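J.: turn this into a model:
(3 chains)
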Amino acid sequence: MNDVSTIAADILEESAETKKRSQLSYIWFRFRKNKLAMLGLVLLLVMAALSFGSMFLFRYEDTIVMDVRNAFLDPGSPGHPLGTDHYGRDMLYRLLYGGRLSLSMGFAIVAFSLLFGGLIGAVSAYYGGQVDNVLMRVMDVFLALPQILMAMAIVAVLGSSIQNLMMALTISNVPKFARIVRSSILQVRGLEYIEAAKSCGTGDGRIILRHIVPNAIGPIIVQTTLQIAHSITSIASLSFIGLGIQSPMAEWGTMLSEGKVYMRQYSYLMFEPGFAIMLAVLSFNLVGDGLRDALDPRLKN
Amino acid sequence: MPIPLVETVGLKKYFSTPGGMLHAVDDINIAIHEGQTLGVVGESGCGKSTLGRTILRLLEPTQGKVLYRGENIFDYRTGRMKRMREKMQIIFQDPYASLNPRMTVSDIIAEPIKVRKTIQGKENINKRVNELMEVVGLARRFINMYPHELDGGRRQRIGVARALSVNPEFIVCDEPVSALDVSIQAQILNLLMDLQRDMGLTYMFVTHDLSVVKHISTDIMVMYLGQCVEKSPGDELFEHPKHPYTKALLSAIPVPNLKRRGAIRSVIKGEVTSPVEPQPGCRFAARCPLVKDSCVGRDLALREISPNHFVSCSMYE
Amino acid sequence: MPGSDTLLEIKDLHVTYRTDEALIYAVNGIDLAVKKGETLGLVGETGAGKTTTALSIMRLLPQKIGSVTGGDIYLDGHDVLSLTEGDMRLIRGDTVSMIFQDPMTSLNPVIQVGDQIREALHLHPHGKTGQMIEARVDEILEMVGIPPARKVEYPHQFSGGMKQRVVIAIAIACQPKLLLADEPTTALDVTIQAQVLQMMNELKEKLDTSMILITHDLGVVAEICDSVAIMYAGEIIESGSAEDIYESDRHHPYTIGLFGSIPDLTRKTDRLSPIPGLMPDPTVRYAGCPFMQRCPNRMAVCAKQKPPVFTWGTHRIKCHLFDGETA
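T.: Numbering: from 1, shown residues only, chains lettered A, B, ... in the order given. Coordinates of the predicted model:
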């Protein structure tokens, strides 16, 4: 039926079917090859394991009970591997507790902003026109408000608590996610394979689930990991200036703030929480960058 | 004479832009009989791609009808239109953008089958996919690969297989070989011609490359800025081109023959004018070496100057 | 050093690309020469190594990935591969200049067109005053067929064909001795291509610039080139004057295949005769001829030994078929 010229020469070779590799394993394979990304992932897993795994090693009280006789013990002292602070509280326990706070708050904030922001962005992208215009301009207003000022306003009115802090940060993140979900969807919507799907009569639902979401989700995932890093920094910053988590709760930013008075004689009081923040942010950033490279193979070469 | 498989009557597609109405397709009347190929030729901006998409109802027309076996498809409601889509398919130009990068070759080819539910059962669907891959010349080992792992020629074969999967009767080929290397172009063209012969397919072959369209077309239509300027049986167009634009198009093609070098050719001056709010009259007038006063100011009709050979030009009135 | 009218000479050039996944052998030992005022057509399909060759002449290979692993390039008396980056910058734009394929992305969208040409001139002033440079900008625009009044416009205000003329204007601003044009008309409509080719022919006469025209279109080569080199899988498998390539009876099987793939307007044929199969894997080094797998005339020796080059005057073919046949 078809002569040689229509058949690629290789069809005549032995043709064993390649095993079906799912998209996920592909992405994982590419991610694994990126050493920095793997480092970030390992750090992240270690931190998470330590912070949450240690839930059973100590109680909340251990982090706040004061024991002034043991104040300012150096790192490496017996029973206190990272030392104690000015109130005699164990630094290691406080850091681990702070890790729990930062990681879970960071996730929660981003999860909520992704939910609300994503919904707004999707609606905007799908309906277009005036709906899109209005929604995006509202988002612009929120984007224009500096995060710290907005947090201060909310806290001033509603009082400072974990919930209010999270609400303030969620609100300031929603427009970012709205923007990125909207632009991801818009980019994919105009592509020819969507037109191809329409040309065989594919319904909207299947187009969204099968064609748009798998292709648009890449940048969204990357932004999510990077936003977690950003949120951790924001929580720490707000706590540092006294607007977030209040003493005696052991949040890294709060610890930084308490330690700054003793910066000269007992620098470890600042150095330890500062290092923890840096490590957390760094690992999320590395993972985020690694995901970005792994998700779009065409970017590299 | 049996009725044509696909026919357009006064088909128009305009887009509204900030500068005014863009006349992408302006009053096109064509008829394609079963088993034949209409080549639609023109340069960028002539509206040929828009024409193809409007005929498939991927775009809603501004005016006019598209008759499939005598019935106007724009009268169909959603359900009937979806069933219609099994009969009318499209092969895209860009072998990179027209395939979903997150789906395997097998998924892509099977997708129309799954959407239209023409075949039930995973086993049967897989069998059909394998059949299709063999027909288009794709080795079985590609079946679980992703598009980015394959080259342009193979990706285009996937596009062809996908279009064939629901047993269409009519396929719009939108510049299917323009993005491919010369030797691969020839392979795909031969494939399309073989498929037409074996499966009785009808094509509308859209391209800017006159030399490509010669081999595959029964009739050819030349478009310029949304209008049809000349329409005739394939060989006739090349032997006796009538419209100045057609002649210029033919002479502009670089020929791999040294004797043509330095030969006087009518190189058209200037650039394509805007398709937004065009003036009545011949749209090629601004660049035509033979322009007269009678060319502008009033719309020119397509006249049949010899059997089946139509031209829209004041020279032939 | 060869005759004084040879402007560019490439000897046994090898270029590889090193990616995360593999080593790609892009150019595998080519010899090339271009005389003053000559236009060489470098023909081949995607992946043949033509763009890589041009980038090597300009020393513009992507830094960490591409490297010249062997051979020499002599341009106008300079040993290009051993120049410092500083010296190379003096040569780029001035002695040798390049036009890239896509005019849409070659121009900076936020800078006026006149400024982009002026920039090229300012980089190689050669004692010109501001006024002289300005006059030169106007002169060049006219040469490429753009009214000088348009020099204050931005790229998006020009159509595709006009953009490509601007790109050409920038490239010839400093009157380079060698112009590398990478598929300069592929992205253009055929009638616009005809205009641009006509213009390039006129410029060739006026400026006496040598040119290497990279293309896959044998028709374009016939229009404008004096000599031709055909590349396949990083090797030059046939080369010669335009007459050798278009009118001789002897050809490399790939060349015959290329001509057979082109739909011919003058002949009535039912089927095209394309070359079956695809280009070989560039990550593999072949002991024999890289075209062997697709060659209808392949012999046992083709798998084992690289074919030598057989010569008939200016016509050179690298194929075992001609063993025992040379003039």
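J.: which residues are in contact with the residue lying closest to C:E247 once chain neighbours are set aside?
T.: Among residues not flanking C:E247 along the chain, B:L258 sits closest, at 6.5 Å (CB to CB, 6 or more residues apart in numbering or on different chains). For the C-beta atoms, the positions are set from N, CA and C on the backbone; glycine is no exception. With contact taken as CB atoms under 8 Å, 6 or more residues apart in numbering or on different chains, B:L258 is in contact with C:A222, C:A242, C:E243, C:Y246, C:E247.
J.: for the fourth one, what are its contacts?
T.: To tie it back to what came earlier, the one meant is C:Y246. C:Y246 neighbours (CB under 8 Å, 6+ apart): B:P256, B:N257, B:L258, C:A222.
J.: and the third one, by the same measure?
T.: Applying CB under 8 Å, 6+ apart to C:E243 gives the contacts B:L258.
J.: so it belongs to a strand, correct?
T.: No: assigned with DSSP: H, G, I helix; E, B strand; the rest coil, C:E243 falls outside any strand and is helix.
J.: what does the stretch 151-300 of chain A have sitting close to chain B?
T.: By CB under 8 Å from any CB of the partner chain, the residues of the stretch 151-300 of chain A that approach chain B are A:191-193, A:195-203, A:206, A:210-211, A:214-215, A:297-298.
J.: now list the buried members of those.
T.: A:191-193, A:195-202, A:210-211, A:215 (16 or more other CB atoms under 10 Å in any protein chain shown).
J.: let me know the closest of the residues you listed to C:Q164.
T.: Comparing these against C:Q164 with CB to CB places A:E192 closest, at 25.7 Å.
J.: thought the closest one was touching B:I91?
T.: No: taking contacts as CB atoms under 8 Å, A:E192 lies outside contact range of B:I91: 10.8 Å.
J.: pretty sure A:V281 sits against A:Q227.
T.: No: contact criterion CB under 8 Å: A:V281 and A:Q227 do not qualify, at 11.4 Å.
J.: okay, the two: which has more neighbours?
T.: A:Q227 (24 against 20; other CB atoms under 10 Å in any protein chain shown).
J.: just the helices from the stretch 51-200 of chain C, written as ranges.
T.: C:85-91, C:103-106, C:113-123, C:130-143, C:160-172, C:190-207 (DSSP state H, counting those that start in this stretch).
J.: buried residues of the shortest one, list them for me.
T.: It stands for helix C:103-106. So for helix C:103-106, counting by 16+ other CB under 10 Å, buried means C:P103, C:S106.
J.: so where's chain C uncertain?
T.: The model of chain C has pLDDT under 70 over residues C:1-4, C:265-270, C:325-327.
J.: contact residues of it facing chain A?
T.: Going by CB under 8 Å from any CB, the residues of chain C near chain A are C:T19, C:D20, C:R271, C:L272, C:S273, C:P274, C:P276, C:G277, C:L278, C:Q293, C:R294.
J.: tell me which two of the residues you listed sit farthest apart.
T.: The widest separation within the residues of chain C next to chain A (CB to CB) is 42.1 Å, between C:D20 and C:R271.
J.: okay, those two: which has more neighbours?
T.: Remark: of C:D20 and C:R271, C:R271 carries more neighbours, 14 against 10, as counted by other CB under 10 Å.
J.: sec struct for the more buried one, please.
T.: Classified using three-state DSSP, C:R271 is coil.
J.: so it touches B:L191, yeah?
T.: No: using CB under 8 Å, C:R271 is not in contact with B:L191; the gap is 10.8 Å.
J.: centroid-nearest residue for the chain?
T.: No chain specified, so I'll use chain A. A:I228 (2.4 Å; CA atoms, centre = their mean).
J.: my bad, the chain I had in mind was chain C
T.: C:I214 (3.1 Å).
J.: ok, that residue to B:A139 distance?
T.: C:I214 sits at a distance of 31 Å from B:A139 (criterion: CB to CB, to the nearest Å).
J.: on that earlier part again, just the buried ones among the residues of the stretch 151-300 of chain A next to chain B: which are in helices?
T.: Of the positions in these, A:E192, A:Y193, A:E195, A:A196, A:A197, A:K198, A:S199, A:N215 sit in helices, assigned by DSSP state H.
J.: what ranges do the helices span in the stretch 51-200 of chain B?
T.: B:78-84, B:105-116, B:122-136, B:152-164, B:182-199.
J.: just put those helices in a markdown table and tack on mean neighbour count and mean pLDDT.
T.: Output for the helices of the stretch 51-200 of chain B, formatted as a markdown table (neighbours: other CB atoms under 10 Å in any protein chain shown; pLDDT from 0 to 100):
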| stretch | mean neighbour count | mean pLDDT |
| --- | --- | --- |
| helix B:78-84 | 13 | 89 |
| helix B:105-116 | 22 | 92 |
| helix B:122-136 | 17 | 92 |
| helix B:152-164 | 25 | 92 |
| helix B:182-199 | 21 | 89 |
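J.: and those helices: which comes nearest chain C?
T.: Closest to chain C of the helices of the stretch 51-200 of chain B, according to CB to the nearest CB: helix B:182-199, at 3.2 Å.
J.: tell me how far the closest one lies from the chain's centre.
T.: 15 Å (CA atoms, centre = their mean, to the nearest Å).
J.: tell me who's in contact with A:L243.
T.: Counted by CB under 8 Å, 6+ apart, A:L243 has contacts A:I148, A:A151, A:M152, A:V155, A:S160, A:L165.
J.: now the residues you listed: which count as buried?
T.: Buried among the contacts of A:L243 (16+ other CB under 10 Å): A:A151, A:M152, A:V155, A:S160, A:L165.
J.: so what's the fourth one scoring on pLDDT?
T.: Okay, so that is A:S160. Here, the pLDDT recorded for A:S160 equals 73.
J.: got the contact list for it?
T.: So A:S160 contacts A:L243, A:G244, A:Q246 (CB under 8 Å, 6+ apart).
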